[in-house]
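[1] Everything below, folded, please.
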Amino acid sequence: MGPRLRGDDTPQLDEQTEFAAQTPVGRNDLTNMERHRLDPAPRALHGYFSRELEPALTIDSGDVVSFQTLDAGWGAIEQEPGFSEPRDYIPRDLARDVAHPLAGPVAINGARAGMSPT
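    Sure thing, here's the model as predicted:
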């Protein structure tokens, strides 16, 4: 269920976990950008890539996003000592989420096809 992090920062995830986009984490007055965080939660993790997915987070150009995701085995792989115990990530859909977990998608206000984020 939970992501595999060292130390006390291990998020606890279960069926009750809510949408994980937290905005804003902070604002830098010099650049007027917002900092966002996208945690691993059901709406923000997918084992496939598709333009049909609804954004897990929408930001403005110039904003910064920190992503936290699971390991390639969705948290169920044995790790070195000091990491959390392996657990299955629930509610992973094994028929749909066949590849490693991807966080997002993130929409950027005003972005158009062909533009690339920096």
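[2] now the helices: where do they sit in this protein?
    Ranges of helices within the chain: none, based on DSSP state H.
[3] bridging residues for the most centrally placed residue in it?
    In the chain, the centroid-proximal residue (C-alpha atoms, centre = their mean) is Ala103; its distance is 3.7 Å. Counting by DSSP bridges, Ala103 is bridged to Leu45.
[4] for it, what are its contacts?
    Leu38, Pro40, Ala44, Leu45, Ala56, Phe67, Gln68, Thr69 (C-beta atoms under 8 Å, 6 or more residues apart in numbering). Every residue, glycine included, has its C-beta placed from N, CA and C.
[5] I'd assumed Pro101 was in contact with the fourth one.
    Going back to what we said before, that points to Leu45. Yes - taking contacts as C-beta atoms under 8 Å, Leu45 lies within contact range of Pro101: 4.8 Å.
[6] list residues touching both of these two?
    Residues touching both Leu45 and Pro101 by C-beta under 8 Å, 6+ apart: Thr69, Leu70, Tyr89.
[7] Counting neighbours, what do you get for the second one?
    Right, Leu70. 23 (other C-beta atoms under 10 Å).
[8] does it really touch Pro40, like I thought?
    Yes - look at Leu70 against Pro40 with C-beta under 8 Å: they come within range, at 5.5 Å.
[9] Can you give me the distance of the closest residue to Asn109 other than its chain neighbours to Met33?
    If the residues on either side of it in the chain are set aside, Asn109 comes closest to Asp60, at 5.1 Å by C-beta to C-beta, 6 or more residues apart in numbering. Relative to Met33, Asp60 is positioned 8 Å away (C-beta to C-beta, to the nearest Å).
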